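**Student:** can't give you the sequence, but here's the structure:
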């Protein structure tokens, strides 16, 4: 594939790109803010987050949901400001992370499971379901660092990256939003699957930080395409006009992530660490499903 192009530079640690209302939305964990890039290229701050922002999604009424990682809360942007949609601290084993929200407003949020940055002993994470009405509940557990998620267009299957399990895992979604019938969607040996994006042919684009690339994966694990980035790829999302632009959130490497996989971290470059970026590449097959 041709190389990527930089569409936003000089960010901190961008994550969770989303396409909505003709604009690209994303979190910057270092800047503790949610940002939006208009078609004109102008980037504006949507809101600041006291904790660390991560997963983004929208309710059917158009209100923005934001995962606040460190204090394990789900926030909601109101016309009057930010309110708490759910306190997840009693359910999340450690920090909350990525999120997908369906068209009924059901939010699925992954958790780290353990403090990997401090290289604490591994512990599995969970997916927490936050329904539009009712109490949050654990929808799935025993996951090896659940991360990026996507829901198929028929709303029957949720696919999640297990970053430390080197696989994509699928769950059947019941009518009430609960998850069941877990299966391995694809084994991804040597990768650290992070953010994902589903396309209309049923393939999944996967960002893999230790690979410094994004991969288009067919169910079963066959690699259909690959695009390399200069630093590390942590998340991706199909969007843009016609849904045929793959936006990739890239940033500096996390030594702890490489250490957990028994890999040497890339050598640091002289001077300041590289800036976070949103890179992009045009693809043939448009995005599908949620987010």
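**Tutor:** Looks like it arrived, so ask away. These numbers come from a predicted model, not from an experiment.

**Student:** what is the neighbour count of residue 54?
**Tutor:** Neighbourhood size, residue 54 [other C-beta atoms under 10 Å]: 24. Just so you know, the C-beta spots here come from the backbone N, C-alpha and C atoms, and that holds for glycine as well.

**Student:** my read: residue 153 touches residue 286, true?
**Tutor:** No: using C-beta atoms under 8 Å, residue 153 makes no contact with residue 286, being 11.5 Å away.

**Student:** any common contacting residues for those two?
**Tutor:** residue 200 (C-beta atoms under 8 Å, 6 or more residues apart in numbering).

**Student:** buried stuff in the one helix or strand residue 139 maps to?
**Tutor:** Assessed by DSSP states H and E, residue 139 sits inside strand 137-143. For strand 137-143, burial by neighbour count (16 or more other C-beta atoms under 10 Å) applies to 138-140, 143.

**Student:** what does it rub up against?
**Tutor:** For strand 137-143, using C-beta under 8 Å, 6+ apart, the contacting residues are 91, 108, 110, 113, 124-129, 146, 160, 162, 165, 169, 171, 177-179, 182.

**Student:** run the last query once more with 6 Å
**Tutor:** Around strand 137-143, the neighbours that count as contacts under C-beta atoms under 6 Å, 6 or more residues apart in numbering are 91, 124-129, 162, 178-179.

**Student:** so which of these belong to strands?
**Tutor:** 125-129, 162, 179 (DSSP state E).

**Student:** C-terminal to the helix or strand of the chain with the lowest mean pLDDT, what's the next element?
**Tutor:** Least confident helix or strand of the chain, by mean pLDDT, DSSP states H and E, is helix 255-260 with a mean of 67. Reading on from helix 255-260 to the C-terminus, the next helix or strand found by DSSP H and E is strand 276-282.

**Student:** any idea of the mean pLDDT for that next one?
**Tutor:** Mean per-residue pLDDT for strand 276-282: 97.

**Student:** kindly report the same for stretch 51-66.
**Tutor:** Mean predicted lDDT for stretch 51-66 stands at 97.

**Student:** give me the residues contacting it.
**Tutor:** Against stretch 51-66 from outside (C-beta under 6 Å, 6+ apart): 15-16, 18, 25, 27, 29, 34, 67-71, 75-77, 97-99, 101, 105, 107, 291.

**Student:** mind checking which of those are buried?
**Tutor:** 15-16, 18, 25, 27, 29, 34, 67-71, 75, 77, 97-99, 101, 105, 107, 291.

**Student:** quick one: which of those sit in strands?
**Tutor:** 15-16, 18, 25, 27, 34, 67-68, 75, 77, 97-99, 101, 107.

**Student:** of the residues you listed, which is the nearest to residue 188?
**Tutor:** residue 98 (16.5 Å; C-beta to C-beta).

**Student:** need the contact list for the closest one.
**Tutor:** 55, 110, 147-148.

**Student:** contact partners for residue 280?
**Tutor:** Residue 280 sits next to 5, 7, 245, 247 when contact means C-beta under 6 Å, 6+ apart.
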